[in-house]
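In: quick one, fold the following:
(2 chains, ligands or ions: 2)
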Amino acid sequence: MSLIEITEVRKSFGSNEVLKGINLDVQPGEVIAIIGKSGSGKSTLLRCINGLEMISGGSISVAGAQLLDDQLHLKTLRLKVGMIFQQFNLFPHLTVGGNVILSQTVVKKTARPVAEAMARKMLDRVGLAQKFDAYPDELSGGQQQRVAIARALAMEPIALLCDEITSALDPELVAEVLAVVRELANEGMTLLMVTHEMKFARDVCSRVVFMHQGRVHEIGPPGDVFPIRRLRS
Amino acid sequence: MTEFTLWDILRNLLLATRWTILLSLVSFVGGGLVGLLLLFLRISSRKAVRVFARCYIELFQGTPLLMQLFIAFFGLGLFGIDVPAWLAAGLALILWTAAFLAEIWRGCVEAITKGQWEASASLGMGRLQQMRYVILPQAMKIAVPPTVGFSVQVVKGTALTSIIGFVELSKAGTVVTNATFQPFTVYGLVALIYFALCWPLSKSSQMLERKLNVAHRNH
Ligand SMILES: Nc1ncnc2c1ncn2[C@@H]1O[C@H](COP(=O)(O)OP(=O)(O)OP(=O)(O)O)[C@@H](O)[C@H]1O
Ligand SMILES: [Mg+2]
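Out: Numbering: from 1, shown residues only, chains lettered A, B, ... in the order given. Ligands and ions are numbered 1, 2, ... in the order given. Predicted coordinates:
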C-alpha cells in the first residue's frame, strides 16, 4: 500500500479550476520533486495534502488518514504529514527552543521535559543546538528554515511537504538547508518537495512530477523527466 | 448663607471622583472580558456567529452612548425591571466598551500574517490553540497602545451617566454648582480632575506606541 494516495484530486478557487484530476501514489521513503511553471498548481497540491486547502473532488490519504473537513480528521492527518514553508513562518514571540516545543506540548500533550529533550535533539539534527535560546529574528534565513524543519520533525511526521523552502534565501544560504533535506532523505524520510533546484532534484529525488496547467504532465525518475541537456540550459 | 471654601468644593468633587474611577474600571475590565468573547465570535469559522458579532459591534458603534444609557435605564423599566442608575450605567458602558475593544483587537489579530495561522495549523493545532499560543500573544503586543488609548474614551464616557442620575464627577459638579453658585470654579476643577485622569493614560499610550516602534524585535 502506498503511503500517500492522491486520487483524482480536483481543486477550484471559484470558477478557476487549479487542479484537474491529480493522481499520485507515493511509497514510503520516496523523495518526490514537483516542478512546473508558476501557476501550474504545485503549491495548491501540497497545501491540499495536509488540509490547508480543502479539495473539491477526489480523495487524499496519508498512511490511512483521510483528508476530511473536520478538526479531528485534520489533526490526525497533520500529525502524519508536516509542512515547511517558503517564508519559514517561525513564531517570532518564542525562542527557537519554544518554537520546537510548543506544538509537542499543545497538540500531543507531551510533558515539557520530554518535549524539551526532543527539541534539543531535533535542533542538533539540523545543526542548531547552540541556538536553543535565540529568537528567530536573531538568526539568518537559512538558520530559520532549519529551525522550521526541526519544528516539523519534532512532531515525528511520516512525511514532509516542502514548498520552495529555499526560494526566500540568499544564494549562499541555500546549501545549508538543502544539506539538511538531503540528510533527511538519506535517513528514509518521505519527502514531497516543490523546488527549482534542478540539480538537487536530480541527485536526491526518486521521482520527479512535472505539473502543467493543473495536471501531472509527466512523472518518472529524474533522468527521464529532464534529460541532461535540458538541465544544462 | 454658608461660605464654601475652595477646599470644600474640591473635597466634594474628589469624593465623587472615586465613583468615576470605579465606573471606569468596571467598564474597562468588564468591557474587556465581553470584548474578548466578541472578538472570538467575530473571527469564528462559522458565518452566522461572525455576522451576529458584526451586527452587535455596528449597533453599539453606530448609536450614541447616551441612547444606550437611556435604553438600559428606561427601557428595562418598561418591562417592570427596576434598574438602579449604577447598574444601568455599568451595563451600558460595559457593552459599549466591549464593542469598541473587540473591533480594535480584531484589527490587531488580522495584522498577524496568514503564515502564522498556516504554520500552527500544519503542526496540528486547533483554532483555539492557535489563538491562545500563537496569534493572541503577538496580537496583544500591538493591541496595548490603542487599548490604553481607548481607556480615555471610557473615562470620558462615564460623564454621560450623570444624565441618568448616577453621581460621579460630572453629576457632583452640577450638585456643587447648585449649592455654591460658582459654576466657573466648579466646572473648571471638574475639567482639571478629568484631565488628571485622562492625560496619563493618553500619554502612556503614546509612549507605548513609540516604544513598540523602536523595538523592532518581536519579543
Ligand atoms: N487562495 C487562493 N484563492 C484563489 N486563487 C488561488 C489561491 N491560491 C492559488 N490560487 C490560484 O491557483 C493557481 C495555482 O496556484 P499555485 O500557488 O498552486 O501555483 P504554483 O504552481 O505553486 O506557482 P508558483 O510557482 O508561482 O508558486 C494560480 O492561478 C493561483 O492564482
Ligand atoms: Mg507555489
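In: which element is residue B:115 on?
Out: helix B:114-122 (DSSP states H and E).
In: then residue A:58?
Out: Counting by DSSP H and E, residue A:58 is part of strand A:57-62.
In: elements contacting that strand?
Out: Other elements packing on strand A:57-62 under the criterion 3 or more Cβ pairs under 8 Å, 6 or more residues apart in numbering or on different chains; DSSP states H and E are strand A:4-13, strand A:16-26, helix A:42-49. Backbone N, C-alpha and C define where each C-beta goes, glycine included.
In: what comes into contact with whichever helix or strand comes after that strand?
Out: Scanning forward in sequence from strand A:57-62 by DSSP H and E, the next helix or strand is strand A:65-66. The contact list for strand A:65-66 (Cβ atoms under 8 Å, 6 or more residues apart in numbering or on different chains) reads A:59, A:60, A:73, A:76, A:77, A:79, A:80.
In: whichever of the residues you listed end up buried, select them in PyMOL.
Out: Command for PyMOL that selects the buried part of those, burial taken from 16 or more other Cβ atoms under 10 Å in any protein chain shown:
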select buried, chain A and resi 60+76+77+79+80
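In: and the strand holding residue A:58, how far from the chain's centre?
Out: Relative to the chain's own centre, strand A:57-62 is displaced by 17 Å; criterion: Cα atoms, centre = their mean, to the nearest Å.
In: pull it out as PDB, backbone CA atoms only.
Out: Below are the C-alpha coordinates for strand A:57-62, written out as PDB (Å, rounded to 0.1, in the frame of the first residue of the first chain):
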ATOM      1  CA  GLY A  57     -13.200  16.400  -5.700                       C
ATOM      2  CA  GLY A  58     -11.300  13.100  -5.400                       C
ATOM      3  CA  SER A  59      -9.500  11.900  -2.300                       C
ATOM      4  CA  ILE A  60      -6.300  12.100  -0.400                       C
ATOM      5  CA  SER A  61      -5.000   9.900   2.300                       C
ATOM      6  CA  VAL A  62      -1.700   9.700   4.200                       C
END
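In: what's in contact with that strand?
Out: A:3-11, A:21-22, A:48-50, A:66-67, A:77, A:80-81, A:158-159.
In: from the contacts of strand A:65-66, which is closest to residue B:83?
Out: residue A:73 (49.0 Å; Cβ to Cβ).
In: the closest one: helix or strand, and which one exactly?
Out: Using DSSP H and E, residue A:73 sits within helix A:71-80.
In: pull out the buried residues from the helix or strand residue A:99 falls within.
Out: Using DSSP H and E, residue A:99 maps to helix A:96-107. Residues of helix A:96-107 classed as buried by neighbour count (16+ other Cβ under 10 Å): A:96, A:97, A:98, A:99, A:100, A:101, A:102, A:103, A:104, A:106, A:107.
In: just name the closest of the residues you listed to residue A:32, please.
Out: The nearest member of the buried residues of helix A:96-107 to residue A:32, counting by Cβ to Cβ, is residue A:103 at 24.8 Å.
In: for the helix holding residue A:99, name the packing helices and strands.
Out: helix A:112-125, helix A:141-153.
In: alpha carbons of the shortest one, as CSV, please.
Out: Looking back up the chat, that one is helix A:141-153. Extracted in CSV, the C-alpha atoms of helix A:141-153 (Å, rounded to 0.1, in the frame of the first residue of the first chain):
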residue,chain,number,x,y,z
GLY,A,141,17.2,32.9,6.8
GLY,A,142,19.0,29.6,6.4
GLN,A,143,19.1,29.0,10.2
GLN,A,144,15.4,30.0,10.5
GLN,A,145,14.5,27.5,7.8
ARG,A,146,16.4,24.8,9.6
VAL,A,147,14.6,25.6,12.8
ALA,A,148,11.3,25.2,10.9
ILE,A,149,12.4,21.8,9.7
ALA,A,150,13.3,20.9,13.3
ARG,A,151,9.9,22.1,14.5
ALA,A,152,8.2,19.9,11.9
LEU,A,153,10.4,16.9,12.7
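In: what's in contact with that helix?
Out: Contacts for helix A:141-153 (Cβ under 8 Å, 6+ apart): A:82-85, A:88-90, A:96, A:99-100, A:103, A:119, A:122-123, A:125-128, A:131, A:136, A:139, A:160, A:165-166, A:168-170, A:173-174, A:176-177, A:180-181, A:184, B:119, B:122-123.
In: for the buried residues of helix A:96-107, which one is nearest residue B:86?
Out: Once Cβ to Cβ is applied, the member of these that ends up nearest residue B:86 is residue A:106, at 42.3 Å.
In: grab the nearest non-local neighbour of the closest one.
Out: residue B:129 (5.2 Å; Cβ to Cβ, 6 or more residues apart in numbering or on different chains).
In: next, the angle from the strand holding residue A:58 to helix A:71-80.
Out: With axes from the mean of the first three to the mean of the last three Cα atoms, to 10 degrees applied, the angle from strand A:57-62 to helix A:71-80 works out at 50 degrees.
In: what pairs with strand A:57-62, parallel or antiparallel?
Out: strand A:4-13 (antiparallel), strand A:65-66 (antiparallel) (DSSP bridges).
In: out of the ones you listed, the one nearest residue B:89 is which?
Out: Nearest of the strands paired with strand A:57-62 (Cβ to Cβ): strand A:4-13, 50.0 Å.
In: is any residue of that closest one near ligand 1?
Out: Yes. With Cβ under 6 Å from any ligand atom as the criterion, ligand 1 is reached by strand A:4-13 at residue A:13.
In: coming back round to it: ok, of the contacts of helix A:141-153, which come out buried?
Out: Listed as buried from the contacts of helix A:141-153 are A:82-85, A:88-90, A:96, A:99-100, A:103, A:119, A:122-123, A:125-126, A:128, A:131, A:136, A:139, A:160, A:165-166, A:169, A:173-174, A:176-177, A:180-181, A:184, B:119, B:122-123; burial here means 16+ other Cβ under 10 Å.
In: what angle do the biggest helix by length in chain A and helix A:141-153 make?
Out: Longest helix in chain A, counting residues (DSSP state H): helix A:171-186. Using the same axes, to 10 degrees, the inter-axis angle of helix A:171-186 relative to helix A:141-153 is 20 degrees.
In: and the next helix or strand after helix A:171-186, which strands flank it?
Out: Remark: after helix A:171-186, the chain's next helix or strand is strand A:190-194, criterion DSSP H and E. Using DSSP bridges, strand A:190-194 pairs in its sheet with strand A:31-36 (parallel), strand A:159-163 (parallel).
In: quick one: low-confidence residue ranges for chain B.
Out: Judged by pLDDT under 70, chain B has its weakly predicted residues at B:1-2, B:215-219.
In: mind doing that once more with 80?
Out: Per-residue confidence for chain B (pLDDT under 80) gives these ranges: B:1-3, B:213-219.
In: also chain A?
Out: Low-confidence segments of chain A, defined by pLDDT under 80: A:1, A:223-233.
In: residues of it that sit close to chain B?
Out: Proximity of chain A to chain B (Cβ under 8 Å from any Cβ of the partner chain) is limited to residues A:50-52, A:71, A:74-75, A:78-79, A:82-83, A:85, A:87, A:89-93, A:102-103, A:106-108, A:135-137, A:148, A:151-152, A:155.
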